[in-house]
Structure formats: structure tokens, C-alpha cells
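Asks: Below is the sequence, then the predicted model.
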Amino acid sequence: MRSARISFKGAYQHITSRAYNGIDIFKETKYKNYLLSLVLRGAELYRIDVIGYCIMDNHCHLIIKEQSGRMGEFMRFVNGNFGAFYRKMEGGKGYVFQDRYHSKLIQDDPNMIMVVMYVLLNPVKANILKNPFKYKWSSINIYYSNDKSISSRFVENYFTNKNQFRKRIQSSLKEISDFEFPVITTPLGDFIGNPANIRSIINRYNRRKLNDQDKKSMMRKRKEEYENVKNIIHKFEKQNKVKMNKINVHTHKGKRLRGQLLVLLKEKVGLTYKEITKIELFKNIKFSSLGSIYQHYRNKKCTKKIQKSKLRPRKKTLEKKR
């Protein structure tokens, strides 16, 4: 049975294609070259942004953005043409790829960067080499270069400069042994991100298929989400004794409050970064910066929880001794 896929125009996807029975179909340089040429040609034909890639001996990874919503046609072009070329060169009959390609929708910037790291460090995880920058068949050396063969802007905009990118690679290398990302399975396919956002993603996918009655129902749900945002902001203002329009983001306190509200809007309401940028407090932030701000204050929140949980048992022990 074929697995479903969540796919729509503007979606970010992590795609994996594996060789049938694990055969090393990409082992020779000519096959890696040909596959890459098909990916770049297909991206041009079907208006697909290739954000990153890594070609291993028996499988390959692609990270793309669907500018046209034609991911299926793009992958049929790539895998179909490669399969025909491989059989022409090697002979034989039967499948070249294991089943269809697999795709996972990527929810937002922090998850995108996590997937980028995973893909670029694949050769290290497979014990092919220790320095990922020496692997010729990934996009790792394209970022911050004059090579414009892929859409490297996403990665370059996320990090301040090439040095910051390399630092992130180095820090990710330390966690390479258990480097995985959470995949959430839904009836419509797999995605990487926050479970709280499943409903909004499925709604977006189904939007074109809705009839009038469904559209009214969806509008009610959107109104509920809007009311939920208002309630979250109201509680936040009350708890911190501050009005949102009075927060001065040029001060340390103002930045901290803005960061804490960003975490609430992402985790309690499930807003996307695009939706958050429409709120006055966040309008002057670069879209590419929201992911790192969210991750920073989310990590602080998690650290506080861990510290509290460590302190509580110790306090009880002291009370017992008295």
C-alpha cells in the first residue's frame, strides 16, 4: 500500500530515494554525476528550489521547497530517467529504486536546519569519513560560495556568516551517534515538527477540496484560533504586568518578553512564523531570525524546568532530615 504525502505549493520537504535491495547504484562517479544533473535540470523544469542534497552509494537525500507544487512530477523525472540510464549501462531488468521515494514535510526553520544538518552529516554517520567538508557529493561546500546551482539562500540567511555555519556543523558532529529527528505520522503523510500544528497543516493541504459547508466550518476554526491568540496575549500581559504595545524591544527586558511570547504563540496556539510576523510586536523581525529566537527562548524555558525538577527532591530530603 502506498503511503500518503502532505504536499502543497510552498511546502518544504525532505526526500529520500533508496536503491532496490540496498544495491550501490550510485557508487561510481558517473552515476552520482548523472543523478545530480537530473536533480538540477528537474528543479529548473518543475520550479523546485533545491536547498540541500547528499548522494550516498545506495540512497540519496534532497531538501526542497515546492515553488510550483509539482514535487511528484519532479521526482518522476529524476528517478525515472536515472533508472532508464542505469539499466542501459548495467543491463538487467526490474526495479532500480526501492518502492517510491519517501517525503516528509518540514514544518519550520529550526526543523529545517536540523534536517539540513542530518543530511550533510550523513557521510560521517555512515563512517565514510570524519570531515563532512571533504565529501564531494553533498551541498555542504556550496553554501557561502559563488556556486549558484542550488537555492543556498535559506541556509545562508539562517546563519550570520560562514563561520557560524561551520560552528553549527561542528556542534552537530558531537551528537552524530544519536542524530535523528522526530517524524510524526498522520493519515495524510509524515512530517517533521510540532504535533500541535498537525491540524493547521492538514487544513492547508485540504483547503482546495473543501465544499462551502467545510469552508464555513474552517472559518469558525480560524476564528477560534484568533480568539485563542487574543486570550494568550491577554494572559501574558496580565502575568507580566505589561501591555504588548508598550514593550520596548530595544531593551534586554523587552527582547526577553518578546521571545517568551513567541514561544507561547508557537507552542500553545501552533501559529506559523508567517502568521506571527503579522502581529505588531514581531513585524520588524526578519523572517529568517524568528527560528533562532524561538529556539533560544524555548531552550531557556526547558532549562528552567530541569533546574526546578532537580531542586524539588533535594528540598524534601532536607525537610525529612530536620
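Replies: All right, it came through fine.
Asks: pretty sure residue 103 is in a helix, no?
Replies: No - Residue 103 is assigned strand when assessed by DSSP: H, G, I helix; E, B strand; the rest coil, not a helix.
Asks: Next, count neighbours for it.
Replies: Residues contacting residue 103 under the criterion other CB atoms under 10 Å number 25. Quick note: C-beta positions are derived from backbone N, CA and C, even for glycine.
Asks: does it really touch residue 11, like I thought?
Replies: No - at 9.2 Å, residue 103 does not count as touching residue 11 under the criterion of CB atoms under 8 Å.
Asks: what do the two both touch?
Replies: Residues touching both residue 103 and residue 11 by CB atoms under 8 Å, 6 or more residues apart in numbering: residue 71.
Asks: Once you drop chain neighbours, what's closest to the residue nearest the centre of the chain?
Replies: Centroid-nearest residue in the chain: residue 112, 2.5 Å away (criterion: CA atoms, centre = their mean). Nearest non-adjacent residue to residue 112, counting by CB to CB, 6 or more residues apart in numbering: residue 106, 5.2 Å away.
Asks: now that neighbour: how far from residue 151?
Replies: Distance, residue 106 to residue 151, using CB to CB, to the nearest Å: 14 Å.
Asks: do the same with residue 182
Replies: Residue 182 sits 25 Å away from residue 151, going by CB to CB.
Asks: Those two - which one has more neighbours?
Replies: Per other CB under 10 Å, whichever of residue 182 and residue 151 has more neighbours is residue 151, with 20 against 11.
Asks: Using the three-state scheme, assign the more buried one.
Replies: State at residue 151, reduced to three classes by three-state DSSP: coil.
Asks: any idea how far it is from residue 89?
Replies: Here residue 151 is placed at a distance of 30 Å from residue 89 (CB to CB).
Asks: again with residue 158
Replies: In this view, residue 158 and residue 89 are 39 Å apart by CB to CB.
Asks: any weak-confidence spans in the stretch 201-322 of the chain?
Replies: Residues of the stretch 201-322 of the chain meeting the criterion pLDDT under 70: 201-227, 269-270, 300-322.
Asks: all helices of it, in order?
Replies: Taking DSSP state H, counting those that start in this stretch as the test, the helices found in the stretch 201-322 of the chain are 212-240, 252-264, 273-276, 287-321.
Asks: and the closest residue to residue 141 other than its chain neighbours, how many neighbours does it have?
Replies: Closest residue to residue 141 apart from its sequence neighbours, by CB to CB, 6+ apart: residue 133 at 6.2 Å. Number of residues near residue 133 (other CB under 10 Å) recorded here: 11.
Asks: three-state assignment of residue 133?
Replies: Recorded secondary structure, residue 133: helix (three-state DSSP).
Asks: the domain parsing of this protein - what is it?
Replies: Taking automatic domain parsing as the domain assignment, the ranges for the chain are 12-201, 210-308.
Asks: Can you get me a residue count around residue 237?
Replies: Using other CB under 10 Å, residue 237 has 17 neighbouring residues.
Asks: contacting residues around it?
Replies: If you count contacts by CB under 8 Å, 6+ apart, residue 237 has them with 243, 244.
Asks: one more time with 6 Å, if that's ok
Replies: Listed by CB atoms under 6 Å, 6 or more residues apart in numbering, the contact set of residue 237 reads residue 243.
Asks: separation between it and residue 279?
Replies: Distance of residue 237 to residue 279, computed by CB to CB: 13 Å.
Asks: now do the same end-to-end measure for stretch 130-140.
Replies: 14 Å (CA to CA, to the nearest Å).
Asks: Now do the buried residues in it.
Replies: Within stretch 130-140, the residues scored as buried using 16 or more other CB atoms under 10 Å are 132, 135, 137, 138, 139, 140.
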